[in-house]
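Colleague: Here is a sequence together with a model predicted from it:
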Amino acid sequence: MTPSSPNAAKRSAPDLCEPCAGIQRHWRKAPGHAELVQGTHHREDRGHGQASFTRYRCDRCGAAWEYENNKANQHAGWALLAH
Ligand SMILES: [Zn+2]
């Protein structure tokens, strides 16, 4: 799977605000945006290494995001939880 373009993200969730729609999902080290408010944080042991998860909520459109930081997984990154 190749990293999705911002246009693909917009198609699957048309109500996201523009900065949220532009977030590159499931890609390591992809940036978020300035209106995301940081929430809870937790760690999980995935066997092949530790993953850490941070929840964010968008101040503009209310989308709930989770960012996974996992050195062992290039596709760990932003995931949309709810909107
Ligand atoms: Zn948003």
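Modeller: Looks like it arrived, so ask away.
Colleague: What parts of the chain come near the ion?
Modeller: C17, C20, C58, R60, C61, A63 (Cβ under 5 Å from the ion). In this view, the C-beta of every residue, glycine as well, is placed from N, C-alpha and C.
Colleague: Could you pick out the buried ones from the residues you listed?
Modeller: Using 16 or more other Cβ atoms under 10 Å as the burial test, those include C17, C20, C58, C61, A63 as buried.
Colleague: got a list of what the fourth one touches?
Modeller: C61 makes contact with D15, L16, C17, C20, H83 under the criterion Cβ atoms under 8 Å, 6 or more residues apart in numbering.
Colleague: Would you confirm that the fourth one contacts R60?
Modeller: It stands for C20. Yes: between C20 and R60 there is a contact at 7.5 Å, judged by Cβ atoms under 8 Å.
Colleague: what do the two both touch?
Modeller: If you check C20 and R60 against Cβ under 8 Å, 6+ apart, no residue is contacted by both.
Colleague: ok so, going back, among the contacts of C61, which lie within helices?
Modeller: Secondary structure defined by DSSP state H assigns C20 of the contacts of C61 to helices.
Colleague: what number of residues lie near A79?
Modeller: Neighbourhood size, A79 [other Cβ atoms under 10 Å]: 14.
Colleague: Just the ones in strands from the buried ones among the residues of the chain next to the ion, please.
Modeller: Using DSSP state E, the members of those that fall in strands are C58.
Colleague: List just the nearest of the buried ones among the residues of the chain next to the ion to A34.
Modeller: Nearest to A34 among those: C58, at 10.3 Å, using Cβ to Cβ.
Colleague: thinking that closest one is in contact with G39, fair?
Modeller: No: counting by Cβ under 8 Å, C58 stays clear of G39, with 11.0 Å between them.
Colleague: State the distance from E68 to R55.
Modeller: Going from E68 to R55 by Cβ to Cβ, to the nearest Å gives 11 Å.
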